[in-house]
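Trainee: I would like the atomic coordinates for the input below:
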Amino acid sequence: MSNRTGSFLWNLWQFSTLVPTSRTVRLCPLGFCRPKIAYSNWNPRNLLLNNFDNRLQASVRCLFQNALIFKSGDDFQTKGVRTVTVLTLDRVLCPRRLSFDSKHSLDSDNELKKTDFHHEASSEDVLTKETKPTPVNSRKLSQECNSLSDVLDTFSKAPTFPSSNYFSAMWTIAKRMSNDQRYFEKQLMFNHPAFEQLCEQVMREAKIMHCDHLLFSLHAVVKLGIPQNTLLVQTLLRVVQERINECDEKCLSVLSTVLQTMEPCKNVDALHAGLRILVDQQVWKIERVFTLQAVMKCVGKDAPVTLKRKLEMKALRELDRFSFLNSQRMFEVLAAMNHRSVVLLNECSRMVLGNIHGCPLKVLINILQSCRDLRYRNLDLFKGIADYVATTFDIWKLKQVLLLLILFENLGFRHPGLMDLFMKNVVDEPGFLNVKNVVSILHVYSSLNHFCKRQNQEQFLEVMASALTACLHHLSSENLLNAVCSFCMMNHFPLAPVNQLLQKDVIGELLASGDMERNVHKLHILAACLKLDDAPYHKAVDVVLPPLPPALLCPDAKVAEVLSSLVGDECFSKNVQLPHNYHIDFEIRMDSNRTQVLPFSGVDVVTSAADVQRVAVLCVPRSAYCLDSTHPKGFLAMKMRHLKGMGFHVILVNNWEMEKLEMKDAVTFLKTEIYSAEPLPSADVNLQSTR
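Mentor: Coordinates of the predicted model:
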């Protein structure tokens, strides 16, 4: 009788398996599935009375392939275990299918009674042992395999859970390769027959694998160069959105690193928004400085100001734990967030200077780029970096030092020692000079108005002119204009480049380019230099240049008041427009000995008369000088030189210093400058000022 009952129940069980069933997969916190069948109220006497609805609520703790996973309506969370409903459509993701052989057949009531599906962990049956997967170790896999294809071969032989470790192992292997080898291996990876299977399996496991495995999968997939618009990447992004609340500090770090490298799209933008909300809630719980900096860099420039300030306060609290690397990286982090925290930058600058020896030049360049983006000017930091590079000049390539000088020029900082040393090496190694380097060097030295005292300045300019002439046939019109304009600002006129630039077709091309306004401005500078400087020839620009837009003239009100009380309103003029698009803030006319101020009359005074001295008062902003000095930049030095050529005596009034003076002191200052018996220093002396 018992054998017949067992046979009947076996046939009934086989019939019931033909119907798709909804089962519940219980996930343990580590993300591994422990297959443990747990049928409630199992009794052979009431088996026939149970309908299929009861079977739909049965719980089977195992992992399925080709499964569509949905959250059940009564999804609940208890003790770190999450329950989701699984609709099984295909085979079990185990080395062997579930089977009942003669050893484990349900052939008697006694056997049925012995099968307790609510047993404890200590009484796991054979079924559990067969279906419990063994995780693969990504580190061990990356050590055993030598290529990406080897990892895929291992996966195709015996897939194990979680599949994310295969991608992590492949990225670990790829990092050890050269760029060419990595490119070749990626092509083999995409063409491997198991690659598509691995992608599908990762997508199936995405909702049930542990959160850190999920994020490491996304990180490895992106780093391996799988296109962002593929179903695999978009699926992982979508699942991360759904499970972002599960992220701990480690997951936040990985997610922030991944998002920084991804292009904007709907899923990436949604993750950015979710990350900002999560960071705003958990910022005070972050313990590692590296994680804090990764999160700060990821929240981006568009983050709310309140969130930026909160992250800044968190970083200030952690200053005592900052390492040298943390201090270096904070510049780039704040630049990525577009948040200028002077206190934080000052502290990091101090730490960088204290440990600058041995610092890679690439790191120093990143720091200077961040300072430029943040408009942060720290003279001590810049001087410390320049001193360090000048001291260790022999270990750097000239190309690296040039990049550093370009950044210094952007910041308005001039270091005479480093620039002199660079000039000397350029003269000794002219083979370094190509088109790009010549244009960049000329721009830096003309903009910062630097002339070397310890070697022949003309030798440097001749070497640069020779290098430029040698590559005239490979030079674009814009680069030719930039180079010649830089030469003109330094009062040097190489014959071949100037003649090439003055051709009508070249000028016509410049006037028809997209950046016409900038080109017109430089052509006006060229025309003024050819006319007013001591050029070897006075060939003017044949083409009529478009006029420059009128400058906004706002003379300093305090200087006007001082001049009015000092010489009277009738003895000075405001906003004087001069040829070649020059203008001066105030003009005073004096006798040749500069002892008496002459009033302006209705009829203009003949400026060529020997008994009249024209005095130009220029109100100069701080930006017209090199950083924290009174060394004039290139355009101001050229303007002073040209005003002298037009017969003016130039007086410079620093706006920021005038604002600090009381009226009495301001009058005394201007009176001393106007009636001073000392002659105006020549333009060359101003060019070489090192104050």
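
Trainee: domain parsing for the chain?
Mentor: Following automatic domain parsing, one finds the domains of the chain at 2-131, 138-357, 557-687.

Trainee: any idea which of those domains scores lowest on pLDDT?
Mentor: Lowest mean pLDDT of the domains of the chain: domain 2-131, a mean of 39.

Trainee: So which bits of stretch 379-395 are buried?
Mentor: 381-386, 388-390, 393 (16 or more other C-beta atoms under 10 Å). C-beta coordinates here come from the backbone N, C-alpha and C atoms, glycine included.

Trainee: Work out the gap between that stretch and the centre of the chain.
Mentor: Chain-centre distance of stretch 379-395: 24 Å, with C-alpha atoms, centre = their mean, to the nearest Å.

Trainee: what does stretch 196-213 give?
Mentor: Counting by C-alpha atoms, centre = their mean, stretch 196-213 comes out at 31 Å from the chain centroid.

Trainee: Check stretch 523-540 too.
Mentor: Going by C-alpha atoms, centre = their mean, where stretch 523-540 is centred and where its chain is centred differ by 42 Å.

Trainee: helix or strand for the spatially most central residue of the chain, which one?
Mentor: For the chain, the residue nearest the mean C-alpha position is residue 336 (5.6 Å; C-alpha atoms, centre = their mean). Of the helices and strands defined by DSSP states H and E, residue 336 is found in helix 324-337.

Trainee: Show the subsequent helix or strand relative to that helix.
Mentor: That would be, after helix 324-337 and using DSSP H and E, helix 342-354.

Trainee: Flag every buried residue along the very next helix or strand once past that next one.
Mentor: The first helix or strand that comes after helix 342-354 along the chain, using DSSP H and E, is helix 361-374. Buried residues in helix 361-374, counted by 16+ other C-beta under 10 Å: 361, 363-374.

Trainee: orientation of helix 361-374 relative to helix 342-354 in degrees?
Mentor: 160 degrees (axes from the mean of the first three to the mean of the last three C-alpha atoms, to 10 degrees).

Trainee: Figure out how far helix 361-374 is from the centre of its chain.
Mentor: 10 Å.

Trainee: Can you show me the CA trace of that helix as CSV?
Mentor: Extracted in CSV, the C-alpha atoms of helix 361-374 (Å, rounded to 0.1, in the frame of the first residue of the first chain):
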residue,chain,number,x,y,z
LEU,A,361,55.6,66.9,-12.0
LYS,A,362,52.2,65.6,-13.2
VAL,A,363,50.8,66.1,-9.8
LEU,A,364,52.1,69.6,-9.6
ILE,A,365,50.6,70.4,-13.0
ASN,A,366,47.2,69.1,-11.8
ILE,A,367,47.5,71.3,-8.7
LEU,A,368,48.2,74.4,-10.8
GLN,A,369,45.4,73.6,-13.2
SER,A,370,43.0,73.4,-10.3
CYS,A,371,44.3,76.7,-8.9
ARG,A,372,43.6,78.3,-12.3
ASP,A,373,40.0,76.9,-12.4
LEU,A,374,39.3,77.9,-8.9
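
Trainee: Check which helices and strands the helix holding residue 336 sits against.
Mentor: helix 289-299, helix 305-317, helix 342-354, helix 361-374 (3 or more C-beta pairs under 8 Å, 6 or more residues apart in numbering; DSSP states H and E).

Trainee: now the last one: mean pLDDT?
Mentor: For helix 361-374, the mean per-residue pLDDT is 94.

Trainee: what's in contact with the helix or strand following it?
Mentor: Proceeding N to C from helix 361-374, the next assigned helix or strand is helix 379-391, under DSSP H and E. The set of residues external to helix 379-391 that reach it, using C-beta atoms under 8 Å, 6 or more residues apart in numbering, is 349, 352-353, 356-357, 359, 361, 364, 367-368, 371, 396, 401, 404, 408, 411, 413, 415, 417-418, 421, 627-628.

Trainee: Helix 379-391 versus helix 342-354: what angle between them?
Mentor: 20 degrees.

Trainee: Following the chain past helix 379-391, name the next helix or strand.
Mentor: Heading C-terminal from helix 379-391 (DSSP H and E), you reach helix 398-411.

Trainee: From the contact counts, what lies against that following helix?
Mentor: Partner elements for helix 398-411 (3+ C-beta pairs under 8 Å, 6+ apart): helix 361-374, helix 379-391, helix 416-428, helix 435-447.

Trainee: Between helix 324-337 and the second one, find me the angle.
Mentor: In this structure, helix 379-391 runs at an angle of 120 degrees to helix 324-337, with the same axes, to 10 degrees as the basis.

Trainee: Same check on the first one?
Mentor: Helix 361-374 and helix 324-337 meet at an angle of 40 degrees, taking the same axes, to 10 degrees as the criterion.

Trainee: which residues sit against helix 361-374?
Mentor: 328, 331-332, 334-335, 338, 340, 345, 352, 356, 376-378, 381-382, 385, 388-389, 396, 400, 403-404, 407-408, 410-411.

Trainee: And the third one, by the same measure?
Mentor: Residues outside helix 416-428 that contact it (C-beta under 8 Å, 6+ apart) are 386-387, 389-390, 393, 398, 401-402, 405, 432-433, 441, 445, 448, 450, 452-455, 459-460, 463-464, 690.

Trainee: Now that helix: buried residues?
Mentor: In helix 416-428, counting by 16+ other C-beta under 10 Å, buried: 416, 418-424, 426-427.

Trainee: where does that helix sit relative to the chain's centre, distance-wise?
Mentor: Using C-alpha atoms, centre = their mean, the offset of helix 416-428 from its chain centre is 31 Å.

Trainee: average pLDDT for it?
Mentor: Mean predicted confidence for helix 416-428 is 91.

Trainee: same question, the second one
Mentor: Rounded to a whole number, the mean pLDDT of helix 379-391 is 95.

Trainee: quick one on the thing from earlier: hmm, which of the contacts of helix 416-428 are the buried ones?
Mentor: For the contacts of helix 416-428, buried by 16+ other C-beta under 10 Å: 386, 389-390, 393, 398, 401-402, 405, 432-433, 441, 445, 448, 450, 452, 460, 463-464.

Trainee: Tell me where the model's unsure across the stretch 451-600 of the chain.
Mentor: Scanning the stretch 451-600 of the chain for pLDDT under 70 picks out 453-455, 537-543, 551-553.

Trainee: where exactly do the helices run in it?
Mentor: Remark: helices assigned in the stretch 451-600 of the chain by DSSP state H, counting those that start in this stretch are 457-470, 477-489, 495-501, 504-511, 516-532, 557-567.

Trainee: For residue 314, find the nearest of those helices.
Mentor: helix 516-532 (43.0 Å; C-beta to C-beta).

Trainee: okay, the angle between that closest one and helix 477-489?
Mentor: Going by the same axes, to 10 degrees, helix 516-532 makes 40 degrees with helix 477-489.

Trainee: pull the CA atoms of helix 516-532 into PDB?
Mentor: Extracted C-alpha coordinates of helix 516-532, given in PDB (Å, rounded to 0.1, in the frame of the first residue of the first chain):
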ATOM      1  CA  MET A 516      37.700  87.400 -36.200                       C
ATOM      2  CA  GLU A 517      37.400  89.800 -33.300                       C
ATOM      3  CA  ARG A 518      40.500  88.300 -31.600                       C
ATOM      4  CA  ASN A 519      42.400  88.300 -34.900                       C
ATOM      5  CA  VAL A 520      41.500  91.900 -35.600                       C
ATOM      6  CA  HIS A 521      42.800  92.900 -32.100                       C
ATOM      7  CA  LYS A 522      46.200  91.200 -32.800                       C
ATOM      8  CA  LEU A 523      46.400  92.800 -36.300                       C
ATOM      9  CA  HIS A 524      45.900  96.200 -34.700                       C
ATOM     10  CA  ILE A 525      48.800  95.500 -32.300                       C
ATOM     11  CA  LEU A 526      50.900  94.500 -35.300                       C
ATOM     12  CA  ALA A 527      50.100  97.700 -37.100                       C
ATOM     13  CA  ALA A 528      50.800  99.800 -34.000                       C
ATOM     14  CA  CYS A 529      54.200  98.100 -33.400                       C
ATOM     15  CA  LEU A 530      55.200  98.500 -37.100                       C
ATOM     16  CA  LYS A 531      54.400 102.200 -36.900                       C
ATOM     17  CA  LEU A 532      55.600 103.200 -33.400                       C
END
